[in-house]
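Novice: Sequence below, structure please.
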Amino acid sequence: MKRNNPVRQVVFPLLAAFIWGTAFVAQDVCAEVVEPMTFNAVRSFIAVVVLLVIIWIFGRLRKDKPAQAKQKAGRKQLLIGGLCCGTALAVASNFQQAGIGAGTDAGKAGFITALYIVLVPLLGLFLKKKVSLPVWISVALAVAALYLLCIHGAFKLAPGDLLILLCALFFAVHILIIDHFTATVDGMKLSCAQFLVCGILSLIGSLVFEHPDIGAILSVMLPLLYVGVFSSGVAYTLQILAQKDSNPTVVTILLSMESVFAVISGAIILHQHMTGREYLGCVLMLIAVILAQIPFPLKRKEN
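Specialist: I've put the predicted structure just below:
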């Protein structure tokens, strides 16, 4: 039975979406001088350091110590979960960066990536996860809202779009893997483990396919720290904590508010003008989020 915790299941993913939405400026600055896999490796290792410190602090404050047998079983689950989550995250993140590098503009990349909103419930059907009609309607509204927010002009497929589609698929897989492991694994430790795996895989890829430049990395260290600490360490941990005992499809709808926050922050911070269709997109997304949160009564079983 899934427990209802509004703060964790609603506020946490919205806060994660806010952080991701406002981190685009920092990511754009880094993308100009640091190659994709190198960027993902550095941000992941920064997240690992931050999370290790947080885990150590919480460990010192914790009064009840888990039994040794339970700790051993937990470590095994943590290792498997970290490998699975980290691999999915590494593949998704690097496909996204490669797609943008291949010519897909940021708006279209954001829209295609957010198609994990549709892919999560579709993949969930194969895992026997039921999705109610109101949630399906919320998914449709969210996709329409994202189109209005992210796509300007004609929608034509570019060579990098296939890479972004693969990115969306692996982000959907990542969300479902998290849904599986959060029931048995500590959320912060799982987040730390996934970033360690993601960092190692990205580092190997950068050494094989790229030319890491320490000078370039140091030149954008401040935005890298912002992305590593907040966008990776904090936001992804909030996502994992939010998914514990939650409906993964509803959480993805809340996470997709990232695009709304990106548009709004661009208008406020960068003084970018919001069009009528973008305002409409924000309204549709808000309706989708509210609809996904309404506890509709289940159908009564016939006697």
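
Novice: tell me the contacts of Leu176?
Specialist: 120, 123-124, 127, 248 (Cβ atoms under 8 Å, 6 or more residues apart in numbering). All C-beta spots, glycine's among them, are computed from the backbone N, C-alpha and C.

Novice: export those to a markdown table and tack on distance to Gly82, pLDDT and secondary structure?
Specialist: Output for these, formatted as a markdown table (distance: Cβ to Cβ, whole Å; pLDDT from 0 to 100; DSSP: H, G, I helix; E, B strand; the rest coil):
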| residue | distance to Gly82 | pLDDT | secondary structure |
| --- | --- | --- | --- |
| Val120 | 21 | 86 | helix |
| Leu123 | 21 | 84 | helix |
| Gly124 | 22 | 82 | helix |
| Leu127 | 20 | 76 | coil |
| Pro248 | 19 | 83 | helix |
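
Novice: Show me which of those are buried.
Specialist: Among those, the ones that count as buried by 16 or more other Cβ atoms under 10 Å are 120, 123-124, 248.

Novice: Go through those residues and name the one nearest Leu15.
Specialist: Distance ranking of these against Leu15, using Cβ to Cβ, places Pro248 first at 17.6 Å.

Novice: quick one, what contacts that closest one?
Specialist: Residues near Pro248 by Cβ under 8 Å, 6+ apart: 120, 124, 129, 175-176, 178-179.

Novice: I'd like those residues laid out as a markdown table, including secondary structure and distance to Thr275.
Specialist: As requested, the contacts of Pro248 are exported to a markdown table (DSSP: H, G, I helix; E, B strand; the rest coil; distance: Cβ to Cβ, whole Å):
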| residue | secondary structure | distance to Thr275 |
| --- | --- | --- |
| Val120 | helix | 29 |
| Gly124 | helix | 34 |
| Lys129 | coil | 37 |
| Ile175 | helix | 30 |
| Leu176 | helix | 35 |
| Ile178 | helix | 35 |
| Asp179 | helix | 36 |
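
Novice: could I get the buried ones among the contacts of Leu176 as TSV with distance to Leu280?
Specialist: Shown next, in TSV, are the buried ones among the contacts of Leu176 (distance: Cβ to Cβ, whole Å):
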residue	distance to Leu280
Val120	24
Leu123	29
Gly124	29
Pro248	27
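
Novice: And those, which two are furthest apart?
Specialist: Longest distance between any two of the buried ones among the contacts of Leu176 is 9.5 Å, between Leu123 and Pro248; criterion Cβ to Cβ.
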